[in-house]
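In: Sequence and predicted model, in that order:
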Amino acid sequence: MSRSVLVTGGNRGIGLAIALSFAEGGDKVAVTSRSGEVPAELAAYGAIAVKCDITDAGQVDAAFTEIEEKHGPVEVLVANAGITKDTLLLRMSEDDFTSVLDTNLTGAFRVVKRASAKMLRARKGRVVLISSVVGLLGSPGQANYAASKSGLVGFARSLARELGSRNITINVVAPGFVDTDMTAVLSDERRKEIVAGVPLGRYAQPAEVAAAVRFLASDEAAYITGAVVPVDGGLGMGH
């Protein structure tokens, strides 16, 4: 059956690949972004886009209300929206730190809380949080980003215990370096340095991350919750 799926930050990069994967599988897909524009690739599947800044609880509630009216209560939530403000600790401002956590971690809290109310009533649901290998390994100049992505793991595992009795699974996907617009701006030298540390010797494709998310949202993964699934070419193994 076609499910109501929401992907936050689903207008580009990894989020767009995830949204497309669900749409191609026949689900009713909605994405949120700050622009509220639906990418042409998604529009072809009848997907909708809702303007939403996940740092604003009021906008989150309004976005869910609109999606529920058009697609029904969200049955699969992928919390993907995130930002970076990279700089070394001594140069990092309070806003650099708190704004990244407010979007990446507290933003996930806002959307999961809003979705879980209806999932609890339905006694079923799938939640997948998009973390990062950086949240497990750490990265110089990314203390704010790593803290936010690491925090998602504790958040997910607590909710897995809290909501599991209602048939709601909460899992985390931790991508490594993925070939997107965000990584395309890196110099060739930096890209070579990164790939040198990846056992598989290459960047991930967005569709490979999407495949892991789709699996965790499937019936086949009904007995998996509180898991952290790396899609990182082996970069973070051991963590």
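Out: It's in. Fair warning: this is a prediction, and the values are worked out from it, not measured in the lab. Residues are numbered from 1 along each chain as shown.
In: what's the longest strand in the chain?
Out: strand 168-175 (DSSP state E).
In: Would you give the sheet partners of that strand, along with the direction of each?
Out: strand 125-130 (parallel), strand 228-231 (parallel) (DSSP bridges).
In: Just checking the distance from the helix or strand following the longest one to the centre of its chain.
Out: Moving toward the C-terminus from strand 125-130, the next helix or strand (DSSP states H and E) is helix 134-137. In terms of C-alpha atoms, centre = their mean, to the nearest Å, the centre of helix 134-137 is found 15 Å from the chain centre.
In: returning to what we had before: mean neighbour count, the strands paired with strand 168-175: which tops it?
Out: strand 125-130 (a mean of 26; mean count of other C-beta atoms under 10 Å). Just so you know, the C-beta spots here come from the backbone N, C-alpha and C atoms, and that holds for glycine as well.
In: what does that strand rub up against?
Out: Around strand 125-130, the neighbours that count as contacts under C-beta atoms under 8 Å, 6 or more residues apart in numbering are 14-15, 18, 74-80, 82, 108, 112, 115-116, 118-119, 152, 155-156, 159, 163, 166-173, 175, 209, 213, 216-217.
In: do stretch 146-165 as well
Out: Here stretch 146-165 has contacts from 79, 82, 97, 100-101, 103-105, 108-109, 112, 116, 119-120, 125, 127, 129, 131-132, 134-139, 169-172, 174, 225-226, 228, using C-beta under 8 Å, 6+ apart.
In: Show me which of those residues are buried.
Out: Buried residues within the contacts of stretch 146-165, defined by neighbour count using 16 or more other C-beta atoms under 10 Å: 79, 82, 97, 100, 103-105, 108-109, 112, 116, 119, 125, 127, 129, 131-132, 134-137, 169-172, 174, 225-226, 228.
In: What about residue 84, how many residues nearby?
Out: For residue 84, the neighbour count with other C-beta atoms under 10 Å is 17.
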